[in-house]
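Engineer: Quick one, structure for this:
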Amino acid sequence: MRVGPSQEVRYQVFISSTFLDLQDAREEAIQAILELDCFPAGMELFPAANDEKWDLIKAVIDDSDYYILIVGGRYGSVDEEGISFTEKEYDYAVETGTPVLAFLHADPDGLPKRDTEADGEGSARLDQFREKVSLRMCKYWSTPAELGSVVSRSLIKTMKNSPAKGWVRADQAMTSDQIVEMEQLRRQVAEFEKERFEEGSHVPDGIDEFAQGADETELTYGFKATGSGFIADEYVSADEFTWDGIFSYLGPAMFDEASETSLRSLVNKMLEEQTIERNQKEIDGGNSTAELWGFLIDNASFDKVKVQLVALGLMSKSVKRHGVNDKNTYWSLTPYGEQYVMRLKAERRE
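Structural biologist: The predicted model follows:
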């Protein structure tokens, strides 16, 4: 639990570095952090091989009060763009305003060969990274023991000059009166959620004037078609999509919540399946060898889908909080939308 100024706090310190070549150095830094009654955090054991794990790393940095960078003789594993995950962590900490303490090895060329970059490209990227880090406040170290000492002194000074929020034990964070008040608020929230669910479970007023259910709507979308000797970009408008059909594709994805990007992908998948199933022969001129791919809904048609499902009371913007750097829009089912999608999709008894 995050803490107010009057409580005893412990700070979380994120340690970023390559791992195998700096194990002894990291142990000294971790020991220094523990001796200051702080606790270390680091994601070096969870290689950021995909977006999901990188999101986890960013979340841990967001929860940390201070960020420590240790650079030795290796640049480290890189992503698809050739940037090491250590450098990505450093850039993210700087970008989010987390206090950064950087420690560069004083003589990387003098390190054992096993602890240095084996190829010229990695070595060049390491030099560029060191140069970028050195433009900000940094300190140098030569041995793990020296690193532990300089980390301790630097962290003490930083905590004094830039005190952070820190963490506190949950049983120390609130008074008895605050606990009673919190429980009252929880009950009020529960009652509000119950009332909101009961109200939202009914058919919304005024939706009879809107197209819905088995009513058909026209969607405009593009795709590519390949046949015997031809490749073409096609753009069509089709009016054989029903609102129930569209919602049966999108609804299950929003039981928790779904990003607008994922909803667009689902619509594109629906267009692909239904176009190939219903209209392939008509579109490719009867050429049974034709293949269709690359389906993309027109922006105006996608906006129409969103507006209609909101107007029908089936979905609304999600109220869950996301990271400050997450620019996606998220959508969730309304209570009425949940009941409606279950009527559409649930398997019935024979």
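
Engineer: residue boundaries of the strands in the stretch 1-150 of the chain?
Structural biologist: Applying DSSP state E, counting those that start in this stretch to the stretch 1-150 of the chain gives strands spanning 12-16, 39-41, 66-71, 100-105, 138-141.

Engineer: Contacts for the third one next, please.
Structural biologist: So that's strand 66-71. 11-17, 22, 25-26, 29, 33, 38, 61, 86, 89-90, 93, 98-105, 108, 126, 129-130, 133, 147, 151, 155, 158-159, 164 (C-beta atoms under 8 Å, 6 or more residues apart in numbering). C-beta: built from backbone N, CA, C; applies to glycine.

Engineer: now the angle between strand 12-16 and it, please.
Structural biologist: Counting by axes from the mean of the first three to the mean of the last three C-alpha atoms, to 10 degrees, strand 66-71 lies at 20 degrees to strand 12-16.

Engineer: Strand 66-71 pairs with which strands, parallel or anti?
Structural biologist: Using DSSP bridges, strand 66-71 pairs in its sheet with strand 12-16 (parallel), strand 100-105 (parallel).

Engineer: now those in JSON lines, with mean pLDDT?
Structural biologist: Shown next, in JSON lines, are the strands paired with strand 66-71 (pLDDT from 0 to 100):
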{"stretch": "strand 12-16", "mean pLDDT": "94"}
{"stretch": "strand 100-105", "mean pLDDT": "96"}
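
Engineer: how about the ones you listed, which one is nearest D326?
Structural biologist: With C-beta to C-beta as the measure, strand 12-16 is the member of the strands paired with strand 66-71 nearest D326 (19.5 Å).

Engineer: Need the residues that contact the closest one.
Structural biologist: In contact with strand 12-16 (C-beta under 8 Å, 6+ apart) are residues 26, 29-30, 33, 38-42, 44, 60-61, 63-70, 86, 89-90, 93, 98, 155, 166-167.

Engineer: returning to that earlier point: with distance to Y249 added, can I get the strands of the stretch 1-150 of the chain in CSV?
Structural biologist: Converted to CSV, these look like this (distance: least, C-beta to C-beta, whole Å):
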stretch, distance to Y249
strand 12-16, 41
strand 39-41, 40
strand 66-71, 43
strand 100-105, 45
strand 138-141, 52
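
Engineer: what bits of the stretch 1-150 of the chain have low per-residue confidence?
Structural biologist: 1-7, 43-52 (pLDDT under 70).

Engineer: re the thing from before, tell me which of the strands paired with strand 66-71 approaches W54 most closely.
Structural biologist: strand 12-16 (13.2 Å).

Engineer: In a strand, D239, correct?
Structural biologist: Yes: per DSSP: H, G, I helix; E, B strand; the rest coil, D239 lies within a strand segment.

Engineer: Would you mind confirming that it is in contact with D215?
Structural biologist: No: taking contacts as C-beta atoms under 8 Å, D239 lies outside contact range of D215: 10.4 Å.

Engineer: Could you identify which of the strands paired with strand 66-71 is most buried?
Structural biologist: Highest mean neighbour count among the strands paired with strand 66-71 (mean count of other C-beta atoms under 10 Å): strand 12-16, with a mean of 24.

Engineer: Pull the distance from it to the chain's centre.
Structural biologist: 20 Å (C-alpha atoms, centre = their mean, to the nearest Å).

Engineer: Alpha carbons of that strand, as CSV, please.
Structural biologist: Taking C-alpha atoms only, strand 12-16 is exported to CSV below (Å, rounded to 0.1, in the frame of the first residue of the first chain):
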residue,chain,number,x,y,z
GLN,A,12,11.0,-0.1,-4.0
VAL,A,13,14.1,0.1,-6.2
PHE,A,14,14.1,-1.3,-9.7
ILE,A,15,17.5,-2.7,-10.8
SER,A,16,18.1,-2.8,-14.6
